[in-house]
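Visitor: requesting a structural model of the entry that follows:
(3 chains)
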Amino acid sequence: MTKTPDPITAEKFLEELRRYQNGSVSRRHFLGVTGLGLATAVIAGAVPGLRPRKAHAALSGTVNFTTWPSYFAQENLDKFTADTGVKINVAVFGSNEEMLAKLQAGSTGWDVFVPTNYAISTYKELGLIEELDLKRLPNYDPTAQEQRFTAEGVINGQTYAVPKDWGTTGFVVNTKSVSAVPTSWKEFFEATQGPMTGRVMVHDYQLTTIGAALKSFGFGFNSNDEKELAEAEKLLIASKPHLFGINSDYKPSLISGDAWASVCWTGDAVQLQRDMPEMKYVLAKDGGEIWSDFYAIPKGGQNLDAAYALIDFLLTPAINAIEVKAHGYPSTDSRTNALVPKEMLENPVLYPAAEALSPLEFGAAATLTNPLRAEIMARFKSA
Amino acid sequence: MSTHTRSPLVTGLLLAPAGIFFFFLLILPLVVMLVFSFGERAPAGGYLPAFTFDNYLNLPARSKAFLNTLTLAPIGTLLTAIIAFPMAYFLAVKVPLKWRVVMLVLVMAPFWTSQLMRYYAWIMILGSKGFPAWLDWVGITDVRLLNTPTAVLIGAVYGFLPLMVPPIYVSLEKLDKRLLEASADLGATPWRTFWQITFPLALPGVATGSMLVFILLMGDYILPQYLGGGKVFFIGNALVDLFLQSRNWPYGAAVSIALVIIMFVTIFFYMRFVLGKTDQRRAALV
Amino acid sequence: MRIYAALIYIFLYAPIALIVGLSFNAGKQSMVWTGFSVEWYGKAFSNPLITEALGTSVMIASATAVLSCIFGTMAALGLERTKGWVRALFDVLIYIAIMVPGIVIGISSLITFVTIFDIVNPTLEALLNLRLQMGMWSVIATHVLFNIAVVALLVRARLQGMDRSLVEASEDLYATPMGTFRQVVLPLLAPSILAGALLAFTFSFEDFIIAFFVAGPDVTLPIYVFSAIRRGVTPEINAVGTVVLLTSLLLLLIAQWILQRGSKSA
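Guide: Now for the predicted structure:
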């Protein structure tokens, strides 16, 4: 019969702790000698809520994938699950602010998520995302990417996010219901209070909604100037009674005919046009947004191996081409574009002419954290 | 007389678990909320320790949300009570005993379908391909129901009817039919019988049901989100926005505290009013 | 009157009929009918995320029901034995727990947990390679809080209406306090406790708003449905909703039948 070891005395514990803190002994020694290691294992097993961080796990379990509406090809996700046995749990959000809020609150359990270009620097500053080890993403080729879209994912030479696709923010109009299609944000908002009243949607997303209002006055899309923002707020609140709804998931309402026009992203327009050719996508003459979205791995994820595997899988050119065909957003990767059907490459919605793109601006990091913008958006929704 | 003394140790043990829960999961969080409400928003969002009244002074920025909730919640509760009452009366008084429970269960059953799905069904019904399309067919065109306060009220009545009927039913079931007969024999009209006998006896049930529905409506987020489409903003929506989008935790905490205070005050006066009336009637009956 | 009742039933069940009907839609979007099919039932129940969410919800609801009944009944019994400030304090606490809207409970719990974790986790992680995070346990904890109050109220109401003479008789006959409790008090309280259990289970199973804030990475069924609606409603969700409804109806009717038989034999 083995004798249970004598419990450690208080002095010995402190001595070992000091030695551990000095670095004289390893953590393993410390845990073993004090019995904390065993206690931990027992507690972790018995107490729900205490989870050991996985150091290394074989590809298994679930990967929690957070993305935007209609932004992936289900067949690709099914293929990934079939190949690796890893289940994919998809969560959908309509703005970067919502994603940031969830990550700040912690315990999200997300393994992969999709931030937009302007948000990445903030995530890095707040210590919310992992530095990416490109060796674990063999199918990602940095040299094959369009640099203007990928630059924001690399900070001080360290990659924090890899590009998924790019796109534009304009608006979509149902030409069967609307005869005079607006050509600029100014006209868009005028028509909202006019012939399109009660049938217009804007995003529940400060960047695109406040940005659109700012552009209609000719101000900068990313303006943080108080006076300009005040004008934008006035316009938005005046428009509110004429809106059908404020929602980043606007496709169902456009399809059902409840809404005739909405602030819109490239791929959603492409998807709408497949079944409803009367949907016209307009890049406003007075400006708008050009953006790129990335894959990133938040800290605190449960399944790092699967996260890398999923990103690597989705960035494989052949798979990525299927993604593009499904969601209609143009890829930043030249190898993928080589595999995309010609009609898509020539589609002006996906690949607008240079003149149409020139008034567009990339989102700026400051808008993400600017409390005034967040408050204006909230006041607008509350009005 | 009891020959056993009540051991305080046993009493303490009996109360301990509840006490622990109340302290750690009710008092502590509310205190944390109170502390946060005096803080400042951290630069990227969240809480920064500070002491300022700014958040409370800024409450009027959400006045529309408070107004919406404080009008639509009571109206919704009232509508639900009015619609539920005849149903409860029917079940308690007019339905033969053996069918009563089954029919009551059928009233409550919709509550067991996901509330999210039920509201989503209403989005379909109230959207332009649903009910308005029927009205269109009959000639009443351009009826916009979805994303309006009306839609939210319809959703409220629908969602909370299963909660309002049972308490009223329970009160009415205790009604002694002989009182009704006596009243009729004494020459009272059915209307008078109802107001002076039936309704007062049902009042506790109405009060319980109304309080339950009112509390749920005041804090609701999903109902105004789905059926209001972002256009009908309740305090619940403001809170979700402040914590899950704007990330202004101190301001959100202030709004929460304001909501809790409003709830307490409203319910306090409501209970006094309703229970006061009940006592009056009871005294009148005796 | 009968017409009124019929109309109410139609009002209550029309949207449900819509949900159930669309669960047989062959198409991918619930709102766009393309044909009749039962494939979505198969897909729903072979979807591991759905079965996991369903299991999580059942486990949370069961744990909530059991814990809140035990603790709530204990509290009610304890309160019967107290007077003065202790009793008043608990009375107030019970009413606060019921009156504070779920969203405030969810949010305040969230910020409290986050604050505590932020303080405790760095040390925990460095020393023991562990971290506290929200999950099923935090949902159960917040649900139990609310339901302790509900059960306590129900049982207290019953206790107060209880015929004291039975208890006194039992004590006069020299039964131990425990014996009195088990054989006299508990059976009398049983209906209230069971009602409390049912209410607690229902509340917990259906709850979205509290779980939304404190479930962390764990997914309950309402959270899954919420996510799914955001992703685009497929008939898969309709199928799940229909099955849950039918199961609960069945359980309720069975329970009702058992109770009726029980009271007949009593």
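
Visitor: how about whichever residue of the stretch 101-250 of chain C sits closest to chain A, nearest residue that isn't a chain neighbour?
Guide: Going by C-beta to the nearest C-beta, chain A is nearest to C:Pro217 of the stretch 101-250 of chain C, at 2.2 Å. Glycine gets a C-beta too; all of them are placed from N, C-alpha and C. Of all residues not flanking C:Pro217 in the chain, A:Gly109 sits nearest, at 2.2 Å (C-beta to C-beta, 6 or more residues apart in numbering or on different chains).

Visitor: contacting residues around the one you found?
Guide: Residues in contact with A:Gly109, defined by C-beta atoms under 8 Å, 6 or more residues apart in numbering or on different chains, are A:64, A:300-302, C:133, C:216-218.

Visitor: let me know how buried A:Ala366 is, in neighbour terms.
Guide: A:Ala366 has 14 neighbours, counted by other C-beta atoms under 10 Å in any protein chain shown.

Visitor: which residues of the stretch 1-150 of chain C lie near chain A?
Guide: Contact residues (C-beta under 8 Å from any C-beta of the partner chain) of the stretch 1-150 of chain C with chain A: C:31-32, C:48-49, C:110, C:113-114, C:117-118, C:125, C:127-138.

Visitor: repeat that for 6 Å
Guide: Contact residues, the stretch 1-150 of chain C versus chain A (C-beta under 6 Å from any C-beta of the partner chain): C:48-49, C:114, C:128-130, C:132-135, C:137.

Visitor: and the residues you listed as CSV, adding neighbour count, secondary structure and distance to chain B?
Guide: CSV is the format used below for these (neighbours: other C-beta atoms under 10 Å in any protein chain shown; DSSP: H, G, I helix; E, B strand; the rest coil; distance: C-beta to the nearest C-beta, whole Å):
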residue, neighbour count, secondary structure, distance to chain B
C:Pro48, 12, helix, 19
C:Leu49, 16, helix, 15
C:Val114, 21, helix, 9
C:Leu128, 19, helix, 22
C:Asn129, 15, coil, 26
C:Leu130, 18, strand, 20
C:Leu132, 21, strand, 14
C:Gln133, 23, coil, 17
C:Met134, 26, coil, 13
C:Gly135, 20, coil, 15
C:Trp137, 19, helix, 12
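
Visitor: now the closest residue to A:Ala356 other than its chain neighbours: phi and psi?
Guide: Leaving aside its sequence neighbours, A:Ala356 sits nearest to A:Leu283 (C-beta to C-beta, 6+ apart; 4.7 Å). Main-chain dihedrals, A:Leu283, degrees, to the nearest 10: phi -90, psi 120.

Visitor: what is the burial count for A:Leu283?
Guide: Neighbourhood size, A:Leu283 [other C-beta under 10 Å]: 24.

Visitor: from C:Val20, how far out is it?
Guide: A:Leu283 sits 44 Å away from C:Val20, going by C-beta to C-beta, to the nearest Å.

Visitor: try A:Asn117
Guide: Distance from A:Asn117 to C:Val20, by C-beta to C-beta: 44 Å.

Visitor: between these two, who's got more neighbours?
Guide: The neighbour count for A:Asn117 versus C:Val20, taken as other C-beta under 10 Å, is higher for A:Asn117 (25 against 19).

Visitor: that one is in contact with A:Ser292, isn't it?
Guide: Yes. Counting by C-beta atoms under 6 Å, A:Ser292 is a contact partner of A:Asn117 at 4.9 Å.

Visitor: chain C contacts on the stretch 51-200 of chain B?
Guide: Applying C-beta under 6 Å from any C-beta, one finds that the stretch 51-200 of chain B approaches chain C through B:86-87, B:90, B:94, B:101, B:105, B:109-110, B:112-114, B:116-118, B:120-122, B:124.

Visitor: 8 Å instead, please
Guide: Residues of the stretch 51-200 of chain B lying near chain C by C-beta under 8 Å from any C-beta: B:83, B:86-87, B:90-91, B:94, B:101-102, B:105-118, B:120-122, B:124-125, B:129, B:158, B:161-162.

Visitor: report the buried members of these.
Guide: Burial by neighbour count, 16 or more other C-beta atoms under 10 Å in any protein chain shown: within those this picks out B:83, B:87, B:90-91, B:101, B:105-118, B:120-122, B:124-125, B:158, B:161-162.

Visitor: just the residues you listed: which are in helices?
Guide: Taking DSSP state H as the definition of helices, those contribute B:83, B:87, B:101, B:105-108, B:115-118, B:120-122, B:124-125, B:158, B:161-162.

Visitor: low-confidence stretches in the chain?
Guide: Went with chain A since none was named. A:1-58 (pLDDT under 70).

Visitor: please go with chain C instead
Guide: Using pLDDT under 70, the flagged stretches of chain C are C:174-175, C:259-266.

Visitor: most proximal residue of it with respect to chain B?
Guide: C:Pro101 (2.5 Å).

Visitor: who does the helix or strand hosting A:Met201 pair up with?
Guide: Per DSSP states H and E: A:Met201 is located in strand A:200-202. Sheet pairing for strand A:200-202, assigned by DSSP bridges, gives strand A:243-246 (parallel), strand A:261-265 (parallel).

Visitor: what's the first helix or strand after that strand?
Guide: Going down the chain from strand A:200-202, the next helix or strand is helix A:206-216, by DSSP H and E.

Visitor: got the contact list for that next one?
Guide: With C-beta under 8 Å, 6+ apart as the test, helix A:206-216 has contacts from A:95-97, A:116, A:118, A:169, A:171, A:184-186, A:188-189, A:202-203, A:220-223, A:228-229, A:231-233, A:235-236, A:246, A:263, A:284, A:286-289, A:363, A:367-368, A:373-374, A:376-377, A:380.

Visitor: next step: those restricted to helices.
Guide: A:96-97, A:185-186, A:188-189, A:228-229, A:231-233, A:235-236, A:367-368, A:373-374, A:376-377, A:380.

Visitor: list buried residues within those residues.
Guide: By 16+ other C-beta under 10 Å, those give A:96-97, A:185-186, A:188-189, A:228-229, A:231-233, A:235-236, A:367-368, A:373-374, A:376-377, A:380 as buried.

Visitor: contacts with chain C among those residues, please.
Guide: Counting by C-beta under 8 Å from any C-beta, no member of those reaches chain C.

Visitor: the longest strand along chain A near chain B anywhere?
Guide: The strand that spans the most residues within chain A, counting by DSSP state E, is strand A:162-174. No. Using C-beta under 8 Å from any C-beta, strand A:162-174 never reaches chain B; the gap is at least 12.1 Å.

Visitor: can you list the strands that that strand pairs with?
Guide: Paired with strand A:162-174 in the same sheet, following DSSP bridges, are strand A:261-265 (antiparallel), strand A:279-282 (antiparallel), strand A:288-295 (antiparallel).

Visitor: returning to that earlier point: the residues of the stretch 51-200 of chain B next to chain C also near chain A: which ones?
Guide: Checking those against chain A by C-beta under 8 Å from any C-beta, the ones in range are B:Lys129.

Visitor: surely A:Cys261 is in contact with A:Gly194?
Guide: In this structure residue A:261 is Ala, not Cys. No. In this structure A:Ala261 lies outside contact range of A:Gly194 using C-beta atoms under 8 Å: 11.7 Å.

Visitor: more neighbours: which of these two?
Guide: Neighbours of A:Ala261 and A:Gly194, each counted by other C-beta under 10 Å, are more numerous for A:Ala261; the result is 27 against 12.
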